[in-house]
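J.: curious how this folds, go ahead:
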Amino acid sequence: MVPNFFPAGYDNPVAYLSGFHAIEEQIKSGIPCGPLLMAKPGPRARELADLAAAHRIRVDRVGTADLDRLAPDHRGVVLETADSAGNGNTLEDFLAALGERRNVLVLILDEITDPHNYGAILRSCDQFAVDLVVSRRRRNAKNAPIISQTSAGASAWVRSTEEGNLVRAVELLKENNFWVYGADMDGQNACELDLQGRIALIMGGEAGLSRLLRERCDGIAAIPGQGRLDSLNVSVAAGILLYEISRQRIQGGRKKTGK
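T.: Below you'll find the predicted structure:
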């Protein structure tokens, strides 16, 4: 029988990571996980076992059939973790720790349900120094192995939280001096917006921004294009907009007034 690290009553379903890189980054991140399950391990798997032991994560030997059942694409090793878009943070704690910090970037994901898109977005978040990713507790991507692999392990490092009410989360951010921008093709060219300071960017799913979230935005950011299609994949759009925010912060820009 394969053991379960998480206690009875734990409210996140369990997932099993099988990619070597995904397992390595998850262990290094310090996020609670384990045990590491091994069956006839090769050299790379043994390296992961040593890493797990160094981080005080239990390593269990199991049969190949057990790993076949949990993760058919395994290569002799599987890590048990939580199948959740959040990694133990809360928005309130995040805001309380900001102090007087001026430049802060929060990404809000509204019903991004495809784990491939979610993982690709997290990879961009890691690259462009997003401070926190906020997603819905329901109607968001679930599949930790795909998210971790698509993000190249970045999901273990990007700070994230799940909120039951994104409208309330936006209101809380605004109370803490954040400017909130939604992403939509009918908005203002993102290059013309001042995206410095405390910024929260909302990315919508297939249906776009929900009405209630759109009504709470201080502005709508668009990506100018010249193609025949009128929209970009959400992970591509997120990467472009996060780059623009990063560019402005590096190069400097106009100073906001009125808030």
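J.: okay, now residue 175: neighbour count?
T.: Neighbours of residue 175 under the rule other C-beta atoms under 10 Å: 9. Yep, even glycine has a C-beta here, placed from its N, CA and C like the rest.
J.: just residue 34 next, same as before
T.: Using other C-beta under 10 Å, residue 34 has 20 neighbouring residues.
J.: any idea which helix or strand comes after the lengthiest strand in the chain?
T.: The longest strand of the chain (DSSP state E) is strand 179-189. Sequence-wise, the next helix or strand downstream of strand 179-189 (DSSP states H and E) is strand 198-204.
J.: which residues touch residue 64?
T.: 39-40 (C-beta atoms under 8 Å, 6 or more residues apart in numbering).
J.: how about the longest strand of the chain: buried residues?
T.: For strand 179-189, the neighbour count (16 or more other C-beta atoms under 10 Å) marks 179-184, 187 as buried.
J.: ok, the spatially closest residue to residue 156 that is not a sequence neighbour to residue 204 distance?
T.: Leaving aside its sequence neighbours, residue 156 sits nearest to residue 29 (C-beta to C-beta, 6 or more residues apart in numbering; 3.8 Å). Distance of residue 29 to residue 204, given as C-beta to C-beta, to the nearest Å: 28 Å.
J.: could you do residue 57 as well?
T.: Between residue 57 and residue 204 the computed distance is 37 Å (C-beta to C-beta).
J.: what segments of the protein are helices?
T.: 20-29, 43-54, 64-70, 91-96, 115-127, 144-150, 166-175, 211-215, 234-251 (DSSP state H).
J.: output stretch 19-36 as PDB, restricted to C-alpha atoms.
T.: Provided in PDB are the C-alpha atoms of stretch 19-36 (Å, rounded to 0.1, in the frame of the first residue of the first chain):
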ATOM      1  CA  GLY A  19       9.200  14.600 -13.900                       C
ATOM      2  CA  PHE A  20      12.700  14.800 -12.500                       C
ATOM      3  CA  HIS A  21      13.000  18.600 -12.800                       C
ATOM      4  CA  ALA A  22       9.500  19.100 -11.300                       C
ATOM      5  CA  ILE A  23      10.300  16.900  -8.400                       C
ATOM      6  CA  GLU A  24      13.600  18.600  -7.800                       C
ATOM      7  CA  GLU A  25      12.100  22.100  -7.700                       C
ATOM      8  CA  GLN A  26       9.300  21.000  -5.500                       C
ATOM      9  CA  ILE A  27      11.600  19.600  -2.900                       C
ATOM     10  CA  LYS A  28      14.000  22.600  -3.000                       C
ATOM     11  CA  SER A  29      11.100  25.000  -2.600                       C
ATOM     12  CA  GLY A  30      10.300  23.900   1.000                       C
ATOM     13  CA  ILE A  31       6.600  23.500   0.300                       C
ATOM     14  CA  PRO A  32       5.300  20.500   2.300                       C
ATOM     15  CA  CYS A  33       5.300  17.400   0.200                       C
ATOM     16  CA  GLY A  34       6.200  13.700   0.300                       C
ATOM     17  CA  PRO A  35       6.900  10.900   0.600                       C
ATOM     18  CA  LEU A  36       9.200  10.400  -2.400                       C
END
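J.: pLDDT averaged over it, what's the number?
T.: Mean per-residue pLDDT for stretch 19-36: 84.
J.: list the buried residues for that stretch?
T.: Buried, per 16+ other C-beta under 10 Å, within stretch 19-36: 19-20, 22-27, 29, 33-36.
J.: can you give the contact residues for it?
T.: Contacts for stretch 19-36 (C-beta under 8 Å, 6+ apart): 3, 5, 17, 44-45, 48-49, 51-52, 55, 57-60, 75, 77-82, 87-88, 145, 148-149, 152-157.
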